[in-house]
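In: Provided below for reference: sequence and predicted model.
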Amino acid sequence: MNHLKQIAAKLDEHGLDAMLILSDPGEYYAIGFHGEGAVVVTKSECRYFTDSRYIESAEKQVTGAKVTMTTASAAQKPLVVQAVEELGIQKMGFEDGYLTVAAWRDYEKALPCELVPAQRLLNTLRASKDQEEIALMTKAQEITDQAFDAILKFIQPGMTEREIAARLQYEMLCRGAEKMSFDPIVVSGPNGSLPHGIPGDKQVQKGEFITMDFGCKVGGYCSDMTRTIALGEPTEEMRKVYDTVLKAQLAGIAKARAGVPGKEIHNAAAKVIEEAGYGPYFGHGFGHSVGIEIHESPNANSRDETPMPVGAAVSAEPGIYLPGKFGVRIEDVLIYTADGTVDLTKSPKELIIL
């Protein structure tokens, strides 16, 4: 899998002769390979430079680009300079969202061409997932759903948050996950008010909520889901908060479709939480784009006015967090279409009581 043709097709629109890609996610999007290398994309030719650790795999896996091994005497930057000269590049875009100031200065000094900030070129392409990308994310989510079903049979009072987090990773890896999308979040009871709390030695107890936020990668693409469950009978307040979060998520999903700005989607969910009296306890966005990275763009938050493109993969994850008491978050990942969304997440959302 690679997207070299799509990147090349966008060069004229951005007034570029070429695109220089140095970031790990950019490299993977361009050529479907992780090699800590450099990709140069032009309309006529693409070149990829990587070192001896990756060259054998690159020569087998990378298609659509000329692969060259870097060495001590033919380092990456001089090879990029050579490509610029041989391909007649005058204006070359670079990933200003990833390249450090120091690296940019080095390349600007070395390259005999103009370097132009062009993160938007890649971001726009990556925002709309194609069918191959969606298939990988669907498989990753299937594994994640299966792990959730398995963890429900595993959790017992007295287990620590850390034990549950470790088991979630085990369940996903056993089912074919390459790695985790991120370190799993497992928080219980009062710790649930920490949206990004770190699993610790706290033991889960009867009468508490347990919030689990986790996902895995398949083919380099992420899944992401959150479920909050009750261990033992919840209180009336716990049920009210859970029901409010679920209604907010469904309201956001109902508003979501291609062409709608992320801000409007977020506001549809936030309104439900606000009207229920919990507005101050929902402090993050309704959702973020997911793909090669767990956080991409555009986003469904209170600030993003970008209309969602067809093929966007965006989380739907409102939450309410009551300090010192508990928290609730429910998260799915949606694929945006012209008519609405397709929900990749199949795990049940009604309150589960163990």
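Out: Right, received. Where do you want to start?
In: Show residues contacting stretch 293-304.
Out: 25, 123, 126-127, 181-182, 215, 222, 224, 252, 256, 261-263, 265-267, 270, 284-290, 306, 308-309, 312, 314-316 (C-beta atoms under 8 Å, 6 or more residues apart in numbering). Every residue, glycine included, has its C-beta placed from N, CA and C.
In: Just the buried ones among those residues, please.
Out: For those, a burial check counting by 16 or more other C-beta atoms under 10 Å picks out 25, 123, 126-127, 181-182, 215, 222, 224, 252, 256, 262-263, 265-267, 270, 284-290, 306, 308-309, 312, 314-316.
In: Just the contacts of stretch 293-304: which are in strands?
Out: C222, G287, H288, S289, V314, S315, A316 (DSSP state E).
In: For stretch 318-325, what is the spacing between the initial and final residues?
Out: Terminal residues of stretch 318-325 lie 18 Å apart, using C-alpha to C-alpha, to the nearest Å.
In: so is the spatially most central residue of the chain in a helix, a strand, or just coil?
Out: Geometric centre of the chain, nearest residue: I294, 2.0 Å, by C-alpha atoms, centre = their mean. Classification of I294 using DSSP: H, G, I helix; E, B strand; the rest coil returns coil.
In: Tell me how far it lies from L136.
Out: Going from I294 to L136 by C-beta to C-beta, to the nearest Å gives 14 Å.
In: go on, E45?
Out: In this view, E45 and L136 are 28 Å apart by C-beta to C-beta.
In: Tell me if F49 really is in a strand.
Out: Yes - the assignment for F49 by three-state DSSP puts it in a strand.
In: on that earlier part again, which one's more surrounded, E45 and L136?
Out: L136 (21 against 16; other C-beta atoms under 10 Å).
In: Please compute how far the helix ranked longest in the chain lies from its chain's middle.
Out: Longest helix in the chain, counting residues (DSSP state H): helix 131-154. On the basis of C-alpha atoms, centre = their mean, to the nearest Å, helix 131-154 sits 15 Å off its chain's mean C-alpha point.
In: How about stretch 245-260?
Out: So, by C-alpha atoms, centre = their mean, the centroid of stretch 245-260 is 19 Å from its chain's centroid.
In: what's across from H288 in the sheet?
Out: With DSSP bridges as the criterion, H288 is bridged to N299.
In: who are the neighbours in contact with it?
Out: H295, E296, S297, N299, A300, N301, V314, S315.
In: Out of those, which is nearest to A65?
Out: Using C-beta to C-beta, E296 comes nearest to A65 of the contacts of H288, at 23.3 Å.
In: Near that closest one, how many residues? Count them for me, please.
Out: There are 20 residues near E296, going by other C-beta under 10 Å.
In: Begin at 148 from now on, thanks
Out: In the new numbering, first residue 148, that becomes E443.
In: distance of it from K276?
Out: For E443, the distance to K276 - C-beta to C-beta - is 10 Å.
In: do P427 as well
Out: 35 Å.
In: G434 too?
Out: Taking C-beta to C-beta, one finds G434 at 15 Å from K276.
In: just A459 next, same as before
Out: Counting by C-beta to C-beta, the gap from A459 to K276 is 7 Å.
In: Done for today, thanks.
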